[in-house]
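>>> Kindly return the folded structure for what I paste below:
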Amino acid sequence: MIGTLRASWRTGAALVVGMSLAAGAHAAPIVVDYNAAAPGVFLVAPYVEDGVTMSVVTGHYDIIAAGPGANFANIDAALFGPSQVSFSMGGSSFTLASILFPTGGQSGILSASDGSVVAIPATGGTQNFNLPGITSFTLAHVTPFLSFDDVTLDVASSPEPSSLLLLGAGLAAFRLSRARRRHV
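Next comes the predicted model:
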C-alpha cells in the first residue's frame, strides 16, 4: 500500500512539473506598428520590426506619418502597378491575431501559408483573424489602396532553460526511483 502511494505521489509530481512547463509556453504578442520607421513612399526594401519581415511581392509600400510616433503602412497601385506585401518570421510559425485598418472605404485580400484566403472588408477598424500555425501571409489591395497598422502576431515562447533543467532533474529522479523499486 505504501509503495503504491509513493508511486502515485511521484507520478503526480511529474505531472505537476510537466503541466507547469506547458503553462509557461504561452503566446507572446508582437505588434508591428511602423512607429519606428521613417516615413517614405514607393519603398521596396524589406521592412523589419521585432523579428517580423514585411517584403514586397509586387509593387511597393509607403510608410505614412499620421502624427508624431503614429505611422501606418499603405500599399497601392500608384507607380509600379498593383502592390502586395508578405509578412514572415524567418520560417517560424505564428498566429496572425489581428490587423488594424485605420481608414474605411478600402478593401483587400489576405492569403496565408496554410491556404486560407480572407476578404478584408471596406469597413476599417481592427479585424481579428486568429490564423494559427502559419509561417507567412500576404496582403493585397482590391480598392486603389489599402492602409494597415498594428499587425499583431502571437508567437509561442519557449520554456526558460531553468524550467528545462528542473524537468530533466524530475525525470531523472523518477527514473531512478522506478529502477530502485524494481530491485527491491
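
>>> Residue ranges in this protein under the pLDDT threshold?
1-27, 157-174, 176-184 (pLDDT under 70).

>>> Now do the helices in it.
2-24, 161-183 (DSSP state H).

>>> Just give me the neighbour total for residue 144.
10 (other CB atoms under 10 Å). Using the backbone N, CA and C atoms, a C-beta is placed for each residue, glycine as well.

>>> Would you mind measuring from it to residue 75?
10 Å (CB to CB, to the nearest Å).

>>> One more: residue 90?
Taking CB to CB, one finds residue 90 at 22 Å from residue 75.

>>> which one of the two has more residues nearby?
Legend: neighbour count by other CB under 10 Å for residue 90 and residue 75, higher for residue 75 (25 against 10).

>>> Would you agree that one is in contact with residue 138?
No. Using CB atoms under 8 Å, residue 75 is not in contact with residue 138, being 10.5 Å away.

>>> Now list whatever residues contact both of the two.
Shared contacts of residue 75 and residue 138, defined by CB atoms under 8 Å, 6 or more residues apart in numbering, are found at 84-85.

>>> Quickly list the domain ranges of the protein.
Here the domain parsing of the chain from automatic domain parsing is 2-25+160-183, 27-156.

>>> Need the winner for burial among the ones you listed.
Counting by mean count of other CB atoms under 10 Å, domain 27-156 has the highest mean neighbour count of the domains of the chain, with a mean of 16.

>>> what about that one, distance to the chain center?
Domain 27-156 sits 13 Å away from the centroid of its parent chain (CA atoms, centre = their mean, to the nearest Å).

>>> Backbone dihedrals for the closest residue to residue 101 other than its chain neighbours, please?
Nearest non-adjacent residue to residue 101, counting by CB to CB, 6 or more residues apart in numbering: residue 124, 5.1 Å away. With angles defined as degrees, to the nearest 10, residue 124 sits at phi 80, psi 180.

>>> if I look at residue 124, how far off is residue 105?
7 Å.

>>> do residue 44 as well
26 Å.

>>> for residue 89, same thing?
31 Å.

>>> residues in contact with the nearest residue to residue 142 once chain neighbours are set aside?
Nearest residue to residue 142, sequence neighbours excluded (CB to CB, 6+ apart): residue 107, at 4.6 Å. By CB under 8 Å, 6+ apart, the contact list for residue 107 reads 119-122, 141-143, 146.

>>> which one of those is nearest residue 35?
residue 146 (19.1 Å; CB to CB).

>>> thought that closest one was touching residue 74?
Yes. Using CB under 8 Å, residue 146 is in contact with residue 74, at 7.0 Å.

>>> How about the contacts made by the nearest residue in space to residue 100 that is not next to it in sequence?
Spatial nearest neighbour of residue 100, chain neighbours left out: residue 150 (4.0 Å); criterion: CB to CB, 6+ apart. Contact analysis of residue 150 by CB under 8 Å, 6+ apart lists 31-33, 98-100, 126.
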